[in-house]
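**Student:** Predicted model, plus sequence, below.
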2 protein chains.
Amino acid sequence: MTHSSAAKSANPSTRDRIVVVAARLIQRQGYVGTGIKQIAKEADATLGSVYHFFPGGKEAVAVAALAYSAEEFAEMLREGLEGAGAGAGDGGPGAAIERCAGELAVALRESGWIDGCPVTAAALETLGTDSEIQRVCAEALRGWERIVEERLAAAGLAPGDARELATTVISTLEGAEVTAQVSRSEEPLRAAGRQLARLVGTYV
Amino acid sequence: MTHSSAAKSANPSTRDRIVVVAARLIQRQGYVGTGIKQIAKEADATLGSVYHFFPGGKEAVAVAALAYSAEEFAEMLREGLEGAGAGAGDGGPGAAIERCAGELAVALRESGWIDGCPVTAAALETLGTDSEIQRVCAEALRGWERIVEERLAAAGLAPGDARELATTVISTLEGAEVTAQVSRSEEPLRAAGRQLARLVGTYV
DNA sequence: ACAGGTCTAGAACGAACGCTCTACTTAATG
DNA sequence: CATTAAGTAGAGCGTTCGTTCTAGACCTGT
């Protein structure tokens, strides 16, 4: 780790401010819809600073921003899932996943339905290209799946079941988030949480 | 219906060509990433023609294109689900949904992983705005949910269950499609299909 | 023949895009 | 104090964006 890796300290460096602002803007407006100049302005930086820290230009900024967003989301996922022990005392992994979906729903509503999944928008826009952005998004999804998979395995599921279920959990949360944003309602995420809990319940 | 509503006839009108081409381009590159001039060029039309048929400009073209894509997808969904009768002779609605997921996976692979859900990309990009595009995307999702809901209700599910399951099915397919595109693999859609079939099976 | 829509054709506009460039200020090191 | 690197600052490059505009081609009814 370097001396400053986009931490949310009280006095973030210029580079960190650029990464954090870019992450938020890309999350809301997508990769194509977010301009370098807008990033610079909202991060209280200048164009010169942006190109100083990211000689690779817009794509390099986006890669750093997406990696940051991905880790942020992974953290949220880990915290949300760790509450569920291996036993059934707290409802098991199904209840934990349902709780995660609920948290996502609340956060989404509080943001005015605009702060959705940080990588979906960027990933879809750059599908045709062979950009580095693709790789970061793919890694993010794999990483999130792995977190869920380990949680399910810890709850006693067979490795194959845990793997396939984890993939589906991430896909469902992803899709439910989009549906919730478009319909401006918590219900898709709530429904997805309940159904996922029911589905997980059929394995334990 | 008018005399020509973007039908795939042998001699499509200029307007229809614009709609079809715009639908495909927006599906692949998103709303912001697709230019009016690119649409005109690939549809063998001129800028003048585009603005003649769509005085509302780019947004009007996108609205027509998304409505067309939405109906196209709805058709596919209806055909995929109608095979499943009310009885369990053909596996029931769960198997039908799994078959739909399989069809999506094949079509996605054959397109080189670029022809995903026609409305997701556009919906995410225009979330912050109060554009008409939003409304079309929301209606599309609701329409697809209704198709699945009716299919589940016809299979004997309670109205409440059918509704909530339908929402989850659409969300999951949506998310699994994105995941499949990003990871360039059929597996997310296959897994989602199997898990959805299992989930539906717990109701019948 | 002629008038009046419908449709085609593309030049041109102002704005915004990503990016490059030079000039300036600050900080650390000999 | 001199030197060098790091970081800040923004004007300006060429390009592309969505849109507007004028002009011509085509068809139909009288």
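**Tutor:** Sure thing, it's come through. Residues are numbered from 1 along each chain as shown, chains lettered A, B, ... in the order given.
**Student:** quick one: contacts for the residue of chain A at minimum distance from chain B?
**Tutor:** Relative to chain B, the nearest point of chain A is residue A:175 (2.7 Å; Cβ to the nearest Cβ). Heads up, the C-betas are built off the backbone N, CA and C, glycines and all. Residues near residue A:175 by Cβ atoms under 8 Å, 6 or more residues apart in numbering or on different chains: A:192, B:170, B:171, B:172, B:173, B:174, B:175, B:176, B:177, B:178.
**Student:** And the residue of chain A closest to DNA strand D?
**Tutor:** Closest approach between chain A and DNA strand D, counting by Cβ to the nearest atom of the strand: residue A:48, at 2.2 Å.
**Student:** what about that residue, distance to residue A:74?
**Tutor:** According to Cβ to Cβ, to the nearest Å, residue A:48 and residue A:74 sit 33 Å apart.
**Student:** Those two: who's more crowded?
**Tutor:** Between residue A:48 and residue A:74, counted using other Cβ atoms under 10 Å in any protein chain shown, residue A:74 has the larger neighbour count: 15 against 9.
**Student:** Which helix or which strand is home to that one?
**Tutor:** helix A:58-82 (DSSP states H and E).
**Student:** And whichever helix or strand comes after that helix, what's buried?
**Tutor:** Downstream of helix A:58-82, the next assigned helix or strand under DSSP H and E is helix A:92-110. Across helix A:92-110, burial judged by 16 or more other Cβ atoms under 10 Å in any protein chain shown covers A:92-102, A:104-105, A:108.
**Student:** Stretch A:118-128 and DNA strand C in contact?
**Tutor:** No. Using Cβ under 7 Å from any atom of the strand, stretch A:118-128 never reaches DNA strand C; the gap is at least 11.9 Å.
**Student:** which parts of chain A sit against DNA strand D?
**Tutor:** Residues of chain A lying near DNA strand D (Cβ under 7 Å from any atom of the strand): A:14, A:45, A:46, A:47, A:48, A:49, A:51, A:52, A:53.
**Student:** Might you list the low-confidence residue ranges for chain A?
**Tutor:** Of all residues in chain A, those with pLDDT under 70 make up the ranges A:1-11, A:83-90.
**Student:** At which residues are the helices of it located?
**Tutor:** A:14-29, A:36-42, A:47-53, A:58-82, A:92-110, A:120-125, A:132-154, A:159-183, A:187-201 (DSSP state H).
**Student:** one step back: determine which two of the contacts of residue A:175 are furthest apart.
**Tutor:** In terms of Cβ to Cβ, the contacts of residue A:175 reach their longest pairwise distance at A:192 and B:177, which sit 15.2 Å apart.
**Student:** Compare those two (neighbour count), which wins?
**Tutor:** Neighbour count, other Cβ under 10 Å: between residue A:192 and residue B:177, residue A:192 has more, with 30 against 26.
**Student:** which residues touch the residue lying closest to that one once chain neighbours are set aside?
**Tutor:** What sits nearest to residue A:192 in space, not counting adjacent residues and going by Cβ to Cβ, 6 or more residues apart in numbering or on different chains, is residue A:176, at 3.6 Å. Residue A:176 makes contacts with A:101, A:188, A:189, A:191, A:192, B:168, B:171, B:172, B:175, as judged by Cβ under 8 Å, 6+ apart.
**Student:** quick one on the thing from earlier: return the list of helices and strands in contact with the helix holding residue A:74.
**Tutor:** helix A:14-29, helix A:36-42, helix A:92-110, helix A:132-154 (3 or more Cβ pairs under 8 Å, 6 or more residues apart in numbering or on different chains; DSSP states H and E).
**Student:** Tell me which of those helices lies nearest to residue A:60.
**Tutor:** Per Cβ to Cβ, nearest to residue A:60 of the helices and strands packed on helix A:58-82: helix A:132-154, 8.1 Å.
**Student:** Can you give me the buried ones in that closest one?
**Tutor:** Neighbour-count burial for helix A:132-154 flags A:133-134, A:136-141, A:144-145, A:147-149, A:151-153 (criterion: 16+ other Cβ under 10 Å).
**Student:** ditto for stretch A:67-85
**Tutor:** By 16+ other Cβ under 10 Å, the buried positions in stretch A:67-85 come out as A:67, A:68, A:69, A:70, A:73, A:77, A:80, A:81, A:84.
**Student:** just stretch A:165-184 next, same as before
**Tutor:** Applying 16+ other Cβ under 10 Å to stretch A:165-184 flags A:165-183 as buried.
**Student:** any idea how far residue A:156 is from residue A:92?
**Tutor:** Per Cβ to Cβ, residue A:92 is found 9 Å from residue A:156.
**Student:** tell me, what's touching the two both at once?
**Tutor:** In contact with both residue A:92 and residue A:156: residue A:204, using Cβ under 8 Å, 6+ apart.
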